[in-house]
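> This is a predicted model, with the sequence first.
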Amino acid sequence: MAMPAMSPEVGMVRSYLEWIAGLPWSVATDDQLDIERAAEILEQRRYGLPRVKERMLEFMAVRKLLAAR
């Protein structure tokens, strides 16, 4: 299904696709999986959202377990 060229969404979609294509896909960094430090930073810099913070820390814990293999 093609999007009509005169559709107002064309510019937004094109910008989004250009942004995605411009990301540094081949650049990798080492993960910093210090869960205690991450918890401190979340508490200091983000107010509320305890379930979101907990989920982020759980995700990091799983990544740390997988990295230890």
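Great, that's in hand. As the structure is a computational prediction, the values presented were derived from the model and not from experiment.
> how about the nearest residue to the spatially most central residue of the chain, chain neighbours excluded?
Residue closest to the mean C-alpha point of the chain, counted by CA atoms, centre = their mean, is residue 56 at 10.5 Å. Residue nearest to residue 56 in three dimensions, not counting chain neighbours: residue 42, with 7.0 Å by CB to CB, 6 or more residues apart in numbering. Where C-beta positions appear, they are placed from N, C-alpha and C, glycine not excepted.
> Quick check: which element contains the residue nearest to the centre of the chain?
Residue 56 belongs to helix 50-68 when assigned by DSSP states H and E.
> circling back: contacting residues for the residue nearest to residue 56?
53, 56-57 (CB atoms under 8 Å, 6 or more residues apart in numbering).
> Including distance to residue 32 and pLDDT, could those go into TSV?
Shown next, in TSV, are these (distance: CB to CB, whole Å; pLDDT from 0 to 100):
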residue	distance to residue 32	pLDDT
53	17	96
56	13	96
57	13	96
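> Closest one to residue 25 out of those, please.
Of all the contacts of residue 42, residue 56 has the smallest distance to residue 25: 23.2 Å, by CB to CB.
> thinking the closest one is in contact with residue 38, fair?
Yes: under the criterion of CB atoms under 8 Å, residue 56 makes contact with residue 38 at 7.4 Å.
> Next, show the common contact partners of the two.
Contacts common to residue 56 and residue 38, judged by CB under 8 Å, 6+ apart, are absent.
> burial measure for residue 64, as a count.
Counted with other CB atoms under 10 Å, residues neighbouring residue 64 total 13.
> so it touches residue 32, yeah?
No: Residue 64 is beyond contact range of residue 32, at 10.1 Å (criterion: CB under 8 Å).
> Quick check: phi and psi on residue 45?
The phi/psi pair for residue 45 (degrees, to the nearest 10) reads phi -100, psi -10.
> Then residue 23?
The phi/psi pair for residue 23 (degrees, to the nearest 10) is phi -70, psi 150.
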